[in-house]
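Participant: compute the structure for the input listed below.
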Amino acid sequence: SDLDNPWSYLVTACQMLNQTSIANLPAVLPNYLDIDRTLWFLASEIAYSDDDSYVYKGKMDYYLYYEPETGRITPLEYDGNSVMTSNAVNWSPFYNANKVNYPLLNRMLQVPEWRQRYLAHMRTIIAEQFVPAKANAIIDNYRTQIEALVQADPKKLYTYNQFISELTVLKNFVNNRRNTLLANTEVAQVAPTIQSASYSNISGQAWTPPAAGEPANVTAQVSAANGIFQVRLYHAAGLTGNFTQAVMYDDGQHNDGAAGDGIYGAAIPAYPAGSWVRFYIEAVANNTAKSVSYLPVGAEHDVFVYKVRSL
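Facilitator: Numbering: from 1, shown residues only. All right, here's what the predicted structure looks like:
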């Protein structure tokens, strides 16, 4: 590392996580920890029932990355070689979150907005990765590639018949894990649907970056069976760092079309020429949980990006 004392950054982040009140965590912890990537990390490990991981062991088998541009730490998967086992197929989506010695789970998921963000990411993982037909095709493709090699290997640790039977175990895991997660009452909450989003310059040209000193107008079409509590625009200058939040409106006064038409609008401030700008949309349902959804669904690592033009 190029850091003189890298442990000090980890110690400080741990202190902020453990010693800050739950109410104050949203204002404090994002300065030391990449919140969104941490939630993706936790959701992925739990979705795949990784029993060689932070969410299972709590104190080992994960990397930490220090981002010098922002001073934030991010936990990262270490190896992922102990996942998708039948004995862990029924893990709760909040596995070990009630234990104080798992503070990333225990404390972060007590923050309501972070809990809903975590749940949104879990739903995305289920929808994109825990699809039996898709997963079965991937498993069958790998079988085609390696089956003859496995069968011919004179030093394999497992028998060929065990290899064949484990293919079925993997397929069953995907189906059963999907059912277990979707049966959870919090995962099953219905979040809004963000059908589309776009940005435009001040001349109204869609997907055309603004010029230097000009704002960008962002719109999103949103609907929800249980009503919409709020739609939010997250935006940031540069390719790293925390986002700024702004409320989007469907009032006909924010370049959003007619009032009440399901199109929400807000503006991203002007930046100098050559600036990279990132943004994404969050929609909040008007249910008790305030369930959320995102566009792009991979936010905050998959977001809309544009570069400000010269005048």
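
Participant: can we go C-alpha only for contacts and neighbour counts from here?
Facilitator: Noted.

Participant: where do the strands sit along the stretch 201-311 of the chain?
Facilitator: Counting by DSSP state E, counting those that start in this stretch, the stretch 201-311 of the chain has strands at residues 216-223, 228-237, 244-248, 263-268, 276-285, 292-295, 304-307.

Participant: redo these as a markdown table? Include distance to Asn31, mean pLDDT and mean neighbour count.
Facilitator: Below are those laid out as a markdown table (distance: least, CA to CA, whole Å; pLDDT from 0 to 100; neighbours: other CA atoms under 10 Å):
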| stretch | distance to Asn31 | mean pLDDT | mean neighbour count |
| --- | --- | --- | --- |
| strand 216-223 | 27 | 98 | 24 |
| strand 228-237 | 15 | 98 | 20 |
| strand 244-248 | 13 | 97 | 16 |
| strand 263-268 | 22 | 98 | 24 |
| strand 276-285 | 19 | 98 | 24 |
| strand 292-295 | 22 | 98 | 24 |
| strand 304-307 | 23 | 98 | 18 |
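
Participant: ramachandran angles for Pro75?
Facilitator: Here is the backbone geometry of Pro75 (degrees, to the nearest 10): phi -80, psi 140.

Participant: is it true that it touches Tyr62?
Facilitator: Yes - contact status for Pro75 versus Tyr62: in contact at 6.6 Å, counting by CA atoms under 8 Å.

Participant: neighbour count for those two, which is higher?
Facilitator: Legend: neighbour count by other CA atoms under 10 Å for Pro75 and Tyr62, higher for Pro75 (21 against 17).

Participant: quick one: stretch 109-123 to chain centroid distance?
Facilitator: In terms of CA atoms, centre = their mean, to the nearest Å, the centre of stretch 109-123 is found 9 Å from the chain centre.

Participant: let me fix that: stretch 285-299
Facilitator: The answer for stretch 285-299 is 11 Å, by CA atoms, centre = their mean.

Participant: for that stretch, output the C-alpha coordinates as PDB.
Facilitator: Extracted in PDB, the C-alpha atoms of stretch 285-299 (Å, rounded to 0.1, in the frame of the first residue of the first chain):
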ATOM      1  CA  ALA A 285     -43.500   3.200  -2.700                       C
ATOM      2  CA  ASN A 286     -46.200   4.700  -0.500                       C
ATOM      3  CA  ASN A 287     -46.400   1.500   1.600                       C
ATOM      4  CA  THR A 288     -45.500   1.200   5.300                       C
ATOM      5  CA  ALA A 289     -42.000  -0.100   4.500                       C
ATOM      6  CA  LYS A 290     -41.300   2.600   1.900                       C
ATOM      7  CA  SER A 291     -40.000   0.000  -0.500                       C
ATOM      8  CA  VAL A 292     -37.600   1.300  -3.200                       C
ATOM      9  CA  SER A 293     -36.500   0.500  -6.700                       C
ATOM     10  CA  TYR A 294     -33.700   1.900  -8.900                       C
ATOM     11  CA  LEU A 295     -33.000   2.800 -12.500                       C
ATOM     12  CA  PRO A 296     -30.500   1.500 -13.600                       C
ATOM     13  CA  VAL A 297     -31.200  -1.400 -11.300                       C
ATOM     14  CA  GLY A 298     -27.500  -1.900 -10.700                       C
ATOM     15  CA  ALA A 299     -27.100   1.600  -9.100                       C
END
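
Participant: got the contact list for it?
Facilitator: 116-117, 120-121, 124, 189-194, 196-197, 224, 226-230, 280-284, 302-304 (CA atoms under 8 Å, 6 or more residues apart in numbering).

Participant: contacts for stretch 120-130 next, please.
Facilitator: Taking CA under 8 Å, 6+ apart as the rule, stretch 120-130 contacts 39-40, 43-44, 47, 135, 174-175, 177-178, 187, 291-294, 297-298.
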